[in-house]
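J.: Have a look at this prediction, sequence included:
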Protein chains: 4
Amino acid sequence: MTLRDEVLELSRSLLQFELALIRLAKRNITSVFPGYTHLQPAQPISFAHYLLTNFFALSRDTERLLEAYSRINRSPMGAAAIAGTSVPLDRGLIARLLGFDGIVETSLDAVGGRDFALEALGVVALIATDLSRISADLLFYSSAEANLIEIPDGFASTSSIMPQKKNADPVELIRAKSAKIAGEFAVAVTLLHGLPSGYNLDYQEITPMLWQSFDELRSCLQILTSLIGEIRLTKGIAERRYLQFTTATEIANILVKEENLPFRTAHQKVGLAVKSAMKQGKQLSEMTQVDWDRVLGFTLKQRTLKLIARTLDLNLQLNTYQTIGSPNPRETRRLIALAVTRWRVLAKTITDARTRTESGLRQLRRMTSTT
Amino acid sequence: MTLRDEVLELSRSLLQFELALIRLAKRNITSVFPGYTHLQPAQPISFAHYLLTNFFALSRDTERLLEAYSRINRSPMGAAAIAGTSVPLDRGLIARLLGFDGIVETSLDAVGGRDFALEALGVVALIATDLSRISADLLFYSSAEANLIEIPDGFASTSSIMPQKKNADPVELIRAKSAKIAGEFAVAVTLLHGLPSGYNLDYQEITPMLWQSFDELRSCLQILTSLIGEIRLTKGIAERRYLQFTTATEIANILVKEENLPFRTAHQKVGLAVKSAMKQGKQLSEMTQVDWDRVLGFTLKQRTLKLIARTLDLNLQLNTYQTIGSPNPRETRRLIALAVTRWRVLAKTITDARTRTESGLRQLRRMTSTT
Amino acid sequence: MTLRDEVLELSRSLLQFELALIRLAKRNITSVFPGYTHLQPAQPISFAHYLLTNFFALSRDTERLLEAYSRINRSPMGAAAIAGTSVPLDRGLIARLLGFDGIVETSLDAVGGRDFALEALGVVALIATDLSRISADLLFYSSAEANLIEIPDGFASTSSIMPQKKNADPVELIRAKSAKIAGEFAVAVTLLHGLPSGYNLDYQEITPMLWQSFDELRSCLQILTSLIGEIRLTKGIAERRYLQFTTATEIANILVKEENLPFRTAHQKVGLAVKSAMKQGKQLSEMTQVDWDRVLGFTLKQRTLKLIARTLDLNLQLNTYQTIGSPNPRETRRLIALAVTRWRVLAKTITDARTRTESGLRQLRRMTSTT
Amino acid sequence: MTLRDEVLELSRSLLQFELALIRLAKRNITSVFPGYTHLQPAQPISFAHYLLTNFFALSRDTERLLEAYSRINRSPMGAAAIAGTSVPLDRGLIARLLGFDGIVETSLDAVGGRDFALEALGVVALIATDLSRISADLLFYSSAEANLIEIPDGFASTSSIMPQKKNADPVELIRAKSAKIAGEFAVAVTLLHGLPSGYNLDYQEITPMLWQSFDELRSCLQILTSLIGEIRLTKGIAERRYLQFTTATEIANILVKEENLPFRTAHQKVGLAVKSAMKQGKQLSEMTQVDWDRVLGFTLKQRTLKLIARTLDLNLQLNTYQTIGSPNPRETRRLIALAVTRWRVLAKTITDARTRTESGLRQLRRMTSTT
């Protein structure tokens, strides 16, 4: 395969994974999931929101890959050693017949430029970094401590010494491989550092790096595509008591709206409530009106208490988010539709690129067969 | 400055350097220069051809930077901690008033995504790699051995111990800084490796890396822009006898065309001629008809001999190149016109981006001043 | 400060942290802690065992640093531009008076060698990688899910929006900084790649990289030294029911010893017991003799049942480990004594190096003051 | 092969190359060669001095490798999953029988520590960086412009299009491979970044990186060992007129000693002489007494003129260097003797390490065969 083919193949593997993310998101629009910052539960989100976020990240990577494609698919043919030739070759025609979208402008550039390879490795590194984050997430979510998802049996091994353990082997390997794949960019930068203009044999070492990175990345994507489809959420996440604290921000918002507290005060008071509840080993939902009144220093309206109670039901809280791009199920549905549209645009770009190339090659075959 | 401003500023610095390259190219369309492969003189090119090749490489970098810009200039505002908020903020309006070209779709992505920073560092690394090649070229071309260009006095220091030396200090520093700048991408990849989704304080360390890289890169570009304008070619390059051998390929081409030799044979024979000349300490131009006949095993036509003689005049040889993108002066003029057009398109893209952002901010100022 | 001083200073910071690890270990010899593999609890260890493991890792780093010191503390003085001089300087005397342990043998090496700097950055990268692991551990152990340790208040911030959260800010920053510090090695490799022998101005850029890395690393070590002293283990770790499964390996060992089962069979059977317990929502300690007999297919001896029960008490299990280097408290005490000895050897090496250097410099001052 | 075997094998390959360097140095003690700084000829050295400098650099690398060996050759056996076992294994005996020099102290360290691998990759990166410099030197020295050495035919290819060119293919590939090999350290740092304590499957990806790096590095060293033995210096280097300027420093020294000029003045005056000579297209040796007197503003003693003339004979100048470690042939002979001694110490360390390991393994075979 040539680099341009590799790029289109990799784009297709990305699209497969993106499709799997959209599909799983559709089934998890109302599945409550903890949204983490600093590895601490911050606010409740939905599992669909998590999945769609990864869809959008990967679709940006696909965009980058296709933009790189337009710089990769240029013909260097006809540059001879470095300066072209006195033989009157038609570089434009050759490019067209070989399915290129254009030519590299100068002959020295055609021979000596390797930025197209470096750019490809750069996008590949971005994708790998995304996969390393997804792997880290899956490993944490499936840890005995977090216990949020279950890695399907086909993607886990049991330990030979420790029968109680189920290790997500392929996910750890994908995390490790992402380091290797992303590292090739730095290797290529070092290799090219300080090389003079014109062709150097050093370039030859870049080619296997490209092939290997693309191969390994495609294989990682294929594994994740299969795996993601079989992931099961642990039951009862919304009922986990320690996640109730993630509603604190929204409770503060309620105090602002309903009790006219300044935001800063509302936030401080809720902080005190959380600390007092933690101290007593209570959940926020177990706080009585008396508890709240003591913390706040005044008596809450009944309406406020009801709103707080509703917020403490994580299943209901998703509905209270009002902003565009939030995990509100209504908004999630809109985002899914947007994702589908974006997916189709990317798919069409890939097909069009392929068609252009093949039409050139077909013309070439026709010409050579008639001769 | 924000990252989007940094990106536009850096694009402008790139354009300044690109302009300097075009200008110097215009003055060197017929200046013979050795085209190197493997650090060995391969074929004669023109100095303009060398400069334009670098123009096209850097204009691709500018393109990449502006494509990254379209992903950078999206608003994360309104994502709150991670999941949006129940306060009904209009994220679209906020984005418009802050001069963004759109919003980051999901709130988790807005908070946790850092691929825009990694992409920026990736393009920066590509530019730095280009600068490292240009620096290496300048250092080699100005070495006592190659002696092709003269580094202007303002950019060279004399050694305190060795009065005969003139060192191109800023060029060596640019080569070194290019390693540092390009290295930040790998650092950011390491930093992000295996981080969980959502915001992590680790991200905070990426910001100074961005600022420093952009600053140093702009300063490198400014130095190169000044320096390139004052570079002088050493006199008499076309007359250097060891460069005559770079015409060997074209002599083989002549034998193919004029004497109907198969290419492989022509190439072998010219190889023998070169070796025999080197052995006798002769130049190719000093080979007599007898010499040629002995090497070739047959008698050359007078016309062929004349064509060979013309090719051995490097000044004339540039005119013999027939392919698009070659150093033929006619072709070089076309490439300069193309470069100017491309330069203008890039300049307009930058201005348009700036205008869009400023129009949003102006509206914001109007709104806040009327309140 | 010179590089040799930086190296000794950093060694001292390492020793401070190592001392803090030993001290905390002394207080936690019998504190049960989960030992993780694949981020899953594998076998019970003690917190002291965890701390001592990090002591030994860092003491190896200190060793490496001091070995690098012996190559760093060599005098390049007297090499002149590159080839020495006709002035009869006594390089040996100069080296002695400047407190060096010897000279760089050849003048070209003295001027052009930078492997000492690269080696220093390499050891620094190893230390940083150790700190990145320690940071990741602390962040996971203090997560709401794992809840094994409490980050002292002085090293945590509460979120402005989420009052329930306590983020270990400095630990996240140390993890991020470790990426930056470790990355400088790769930058230096790139910078040096393909540079010719002899002095190049590029080298000048390595110096600030060294200073910054050493500074940041020392500051990370100081923070960790303070933090580690104030860490508190969460109460009741040994009683956590999900950790009982980590005794599975030892139960299999008991079946081998007491019931003469082949290891493979014992392991399979315990695996079945664990699965069956998990299915029933039971802990291993809640399995009755009947439960065991059903899983095993035969009747356990009373003695075996007692041993199993003892193993399920994690506090007791530590005592059952018999191998050198295990978390058995007896063994832990031996390891602490070993650590103290090793620490003293390293401390003496540092003092001796300093003394040698200072004695040279003192002699120099005496000579210059008498003149 | 195990890592410890790889380390000893690589050390042996290093020793082979170091021996080749010493041998070639012995034959080139008085071969004048330009000493470069900033890629500009600075002072005359001997080719032996260049070769010995590389010997000393590589012998430091061998030292580092053998120091790493002492940390690599420790037994992790008997750590079980992570915490040791209740089975009373004798870890010390096992270590001895498997030819280890000791054990990894704690079981968690034995299972989870990978600093030994990272350290190995770090030394490998230092060696690769040295090879990249040697490659860059060889390519520059053999360029048409510098024309100082001739790459033996077996290590060069002729271009298919350009018969006049001789490219040092393997040397360019070694330069490129050195970037790849050195890059593995950064990949391993990324891979390990933020991994938790204990075993992670990610480690598995480090092993092929080690094997591949060691393999490629050994193969690079073997090629260089063969190549270096066949390198021929170009004739007449000492007579090259542009190298005369490299004596400027020594001429200034003569003026200081013989004419009592302050160093600064001497240096300025010689600078003027060089410039004036360059302007007139003269060599320094072509400057008459009148020329010197005009530049200096006073009349030189006859003795001074003679000394200057002697210095301008580069063959004689080597003898004027007085400092330890200079290219003075007398000093070069001493350095060769020192190199031989150092080489023997390293060779013995390797043999001893091998002997220790084999004696353990022999004991093991005896024990298992008698059973």
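T.: Arrived safely, thanks for sending. All figures in this text were calculated on a predicted structure; none of them were measured in a lab. Numbers count the residues shown, from 1 in each chain, chains lettered A, B, ... in the order given.

J.: From now on I want contacts and neighbour counts done on CA atoms only, so please keep to that.
T.: Fine.

J.: And for the residue in the stretch 1-150 of chain A that chain D sits nearest to, the neighbour number?
T.: Nearest to chain D, among the residues of the stretch 1-150 of chain A, is residue A:81, at 6.7 Å (CA to the nearest CA). Per other CA atoms under 10 Å in any protein chain shown, the neighbour tally for residue A:81 reads 23.

J.: do the same with residue A:265
T.: Neighbours of residue A:265 (other CA under 10 Å): 14.

J.: Find the helix or strand that it is a member of.
T.: helix A:263-279 (DSSP states H and E).

J.: With chain B in mind, check whether that helix reaches it.
T.: No. Shown here: helix A:263-279 not in contact with chain B (CA under 8 Å from any CA of the partner chain), separated by at least 12.0 Å.

J.: Buried residues in that helix, which are they?
T.: A:263, A:266, A:267, A:268, A:269, A:270, A:271, A:272, A:273, A:274, A:276, A:277 (16 or more other CA atoms under 10 Å in any protein chain shown).

J.: Output the below-cut-off pLDDT ranges for chain A.
T.: A:160-163, A:370-371 (pLDDT under 70).

J.: And the helices in chain A?
T.: Assigned by DSSP state H, the helices in chain A fall at A:3-26, A:47-72, A:91-97, A:107-112, A:115-141, A:169-192, A:206-230, A:248-259, A:263-279, A:289-296, A:302-312, A:314-320, A:329-370.

J.: would you turn those helices into a markdown table with distance to residue C:303?
T.: Conversion of the helices of chain A to a markdown table gives the following (distance: least, CA to CA, whole Å):
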| stretch | distance to residue C:303 |
| --- | --- |
| helix A:3-26 | 51 |
| helix A:47-72 | 49 |
| helix A:91-97 | 83 |
| helix A:107-112 | 78 |
| helix A:115-141 | 39 |
| helix A:169-192 | 37 |
| helix A:206-230 | 44 |
| helix A:248-259 | 52 |
| helix A:263-279 | 43 |
| helix A:289-296 | 52 |
| helix A:302-312 | 50 |
| helix A:314-320 | 49 |
| helix A:329-370 | 58 |
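
J.: Dump the ones you listed to TSV, plus distance to chain D.
T.: Formatted as TSV, the helices of chain A follow (distance: least, CA to the nearest CA, whole Å):
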stretch	distance to chain D
helix A:3-26	20
helix A:47-72	21
helix A:91-97	19
helix A:107-112	13
helix A:115-141	10
helix A:169-192	5
helix A:206-230	9
helix A:248-259	30
helix A:263-279	28
helix A:289-296	39
helix A:302-312	33
helix A:314-320	31
helix A:329-370	26
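
J.: is it true that residue A:147 touches residue A:234?
T.: Yes. Contact criterion CA atoms under 8 Å: residue A:147 and residue A:234 qualify, at 6.9 Å.

J.: So which residue is dead centre in chain A?
T.: Centroid-nearest residue in chain A: residue A:54, 3.4 Å away (criterion: CA atoms, centre = their mean).

J.: how near is residue A:332 to residue A:319?
T.: 11 Å (CA to CA, to the nearest Å).

J.: who has more neighbours, these two?
T.: More crowded of residue A:332 and residue A:319, by other CA under 10 Å: residue A:332, with 24 against 17.

J.: tell me the contacts of the more buried one?
T.: Counting by CA atoms under 8 Å, 6 or more residues apart in numbering or on different chains, residue A:332 makes contact with A:29, A:48, A:49, A:325, A:326.

J.: got it, and residue A:195?
T.: B:132, B:133, B:136, C:194.
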